[in-house]
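> Sequence and predicted structure, then a few things I'm wondering about:
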Amino acid sequence: MTSAAVDAGDGLPLTIPALLRARVASRGDSVLLACDDDLLTWADAERRSAALARGLLAAGAGKGTHVGILHPNGSAFVVAWLAAARIGAVSVPLSTFSTAAELRVLLRNADVALLLSATSYRSHDYVAALRETVPDLDLGAATPVFTESLPVLRHVFFAEPGESDGGRPVEPGGLAAAEAAVCPGDRLTIVHTSGSSGAPKGVIHTHGALIRHLDNLNQLRRYAPGEVLFSNSPFFWIGGLAYSLLGTLVAGGRLVCSNSPHAAGVLDVLERERPTLVNGFAQSVAHLPHDPSFAGRDLSSIRRGNLFPILPDDVRPKSPDLRHAMLGMTETGSVCLVSDDESDQPEHRRGSFGRPAPGFDALVVDPDTGSTCGPHEPGELHLRGPFLMEGYYGRERHEVFDAEGWYRTGDLVVVDDDGFFYFQGRRGDMIKTSGANVSPREVEAAIHELTGLAAHVIGIADAGRGQLVVAALRVPAGRVVDVDALREKLAGRLSAYKVPRRFLLLGDDAVPVLSSGKLDRPALEALFDAG
């Protein structure tokens, strides 16, 4: 049964050290993680993270130390995250997309004292990036480092530190004592928002609240021992860290991922590992069905999830918008609007995002007047509950929550008569054209329904209308789109002022994105200006 309280008295371990012990006892040599050819059993995760935890203790880390983790998805990330959590340190996952300048901001703003990093990943050279971002940093120093630009940083390790690397031995029983001191209310992680607007903010989550929230979500999605989850979400974002990795730790399941840049490589992993559940970003697997080998692949093990392009025909929805979507954010520890009903919904519920997850109270508030909105009245989503973030690192609580504990999400929603929520977009994303408001999501959904293509709908400045509605479509190689015919079909579904006045047809690699993976709106606006 789901619980609205962190401690429900049901015996669920509410710290990572206790949870890991419990799962290793029952799962032992079964596989916890399969990332391409990188396999990690539960027993290996315990053994390797214990060795690294002792190394962290030897290096001077302990309860409350901020430990940066700069690794792609894989066993090195999992081991680093578990090791930090086991000694009560606060993990700070860092985006593998980060530039040198972005790394400097993240390390400084999160007060990272010890960094565990890969040397490189794909085209990113992290040794060079760190030398660029902190020229006075001695990356070869065995003793603690001191730099003016990163005054808190003391150690950078490109290999897992051992007990002899920190200059002082770890006392017998030191790790057990550190684990015993970890409490459910202790900080577990600081995860940065993906920075769609403004600088990324460091979101703080605690052991007990995040574990309980994921236990609730696992019950809704029926993620239990014996289930195999495939996820394409990076572990440095909340979807990968909480919904995928922590969710697997709570469930005692098996997590599958792939870092392969080739569709065939991802499909090889899917066939070999036989996932039963798939979650993540559907757009990131949209290219897989176009691989020449796809028709001959056996993906019949997949029975549910939101990666619709790779679902077998017998479980794929008639239309993605007829399945409940999920709304998640870093501040809510992943998903906050959800439904356990995974069947196709009636037409009047098209576009539903379900209801608030257990433990979350929700209000829809008029952002201009502050009054509570009724059914079908659009407003800003406010959330409250024990599973929300503790706050933003470096920010006072009153800057984040109001006096009654409500968090203003910035998301615009409407609620129907049955209590189902419908996402309308971000407050800053709404387009104002000739005095009328246009929800980009509504237009994007209509385009997808007609073409099967992902679209990015934005407003660009226009002297006559204030803003023009325009759309950039992601078009696979070899696909032809008749823009005039599309515009005519959209006119039969949308009010005239919502139909995009201009279209751009772009390949996936031509869509401008930030290092966070989110759309680079100014760059897209510039493409429209240039056109």
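Okay, I see it.
> So the most centrally placed residue in the chain: helix, strand or coil?
With distances taken as Cα atoms, centre = their mean, the residue of the chain nearest its centroid is residue 239 (2.8 Å). Classification of residue 239 by DSSP: H, G, I helix; E, B strand; the rest coil places it in helix.
> what helix or strand is the closest residue in space to it that isn't next to it in sequence on?
Closest residue in space to residue 239, ignoring its immediate chain neighbours: residue 233 at 3.9 Å, by Cβ to Cβ, 6 or more residues apart in numbering. All C-beta atoms are positioned from the backbone trio N, CA, C, and that covers glycine. In the assignment (DSSP states H and E), residue 233 maps to no helix and no strand.
> Please report phi then psi for residue 233.
For residue 233, the backbone dihedrals (degrees, to the nearest 10) come out as phi -90, psi 130.
> Could you check how many residues crowd around it?
21 (other Cβ atoms under 10 Å).
> now do residue 149
So residue 149, with other Cβ under 10 Å, has 13 neighbours.
> got the buried residues for the lengthiest helix in the chain?
The single longest helix within the chain, with elements called by DSSP state H, is helix 42-58. Within helix 42-58, the residues that count as buried by 16 or more other Cβ atoms under 10 Å are 42, 44-46, 48-58.
> Then stretch 252-271?
So for stretch 252-271, counting by 16+ other Cβ under 10 Å, buried means 252-259, 263, 266-270.
> Mind checking which of the residues you listed land in helices?
Per DSSP H, the subset of the buried residues of stretch 252-271 in helices is 263, 266-270.
> Just give me the closest of those residues to residue 523.
residue 263 (26.2 Å; Cβ to Cβ).
> ok, back up a step: could you measure the residue nearest to the centre of the chain against residue 246, distance?
11 Å (Cβ to Cβ, to the nearest Å).
> Repeat that for residue 339.
21 Å.
> ditto for residue 358
16 Å.
> just residue 192 next, same as before
17 Å.
> With neighbour numbers in mind, choose between the two.
residue 246 (29 against 26).
> Measure how buried the closest residue to that one other than its chain neighbours is and give me the count.
Closest residue to residue 246 apart from its sequence neighbours, by Cβ to Cβ, 6+ apart: residue 214 at 5.1 Å. For residue 214, the neighbour count with other Cβ under 10 Å is 25.
> where's residue 214, which helix or strand?
Using DSSP H and E, residue 214 falls in helix 207-221.
> ok so, going back, what pLDDT does the residue nearest to residue 246 get?
Note on residue 214: pLDDT of 98.
> who touches residue 31 in this structure?
39-42, 254 (Cβ atoms under 8 Å, 6 or more residues apart in numbering).
> Run through who's touching stretch 360-372.
332, 336-337, 356, 373, 377-385, 387-388, 406, 408, 413-415, 421, 427.
> Just the endpoints, please. Distance across it?
17 Å (Cα to Cα, to the nearest Å).
> Leaving out the residues flanking it, which one is nearest to residue 395?
That would be residue 201: by Cβ to Cβ, 6+ apart, it lies 7.6 Å from residue 395.
> circling back: tell me how far the residue nearest to residue 239 lies from residue 39.
From residue 233 to residue 39 the distance is 20 Å (Cβ to Cβ).
> repeat for residue 328
As defined by Cβ to Cβ, residue 328 lies at a distance of 28 Å from residue 39.
> Compare neighbour counts for these two and give me the winner.
A direct count of neighbours by other Cβ under 10 Å for residue 328 and residue 39 places residue 328 higher, at 20 against 13.
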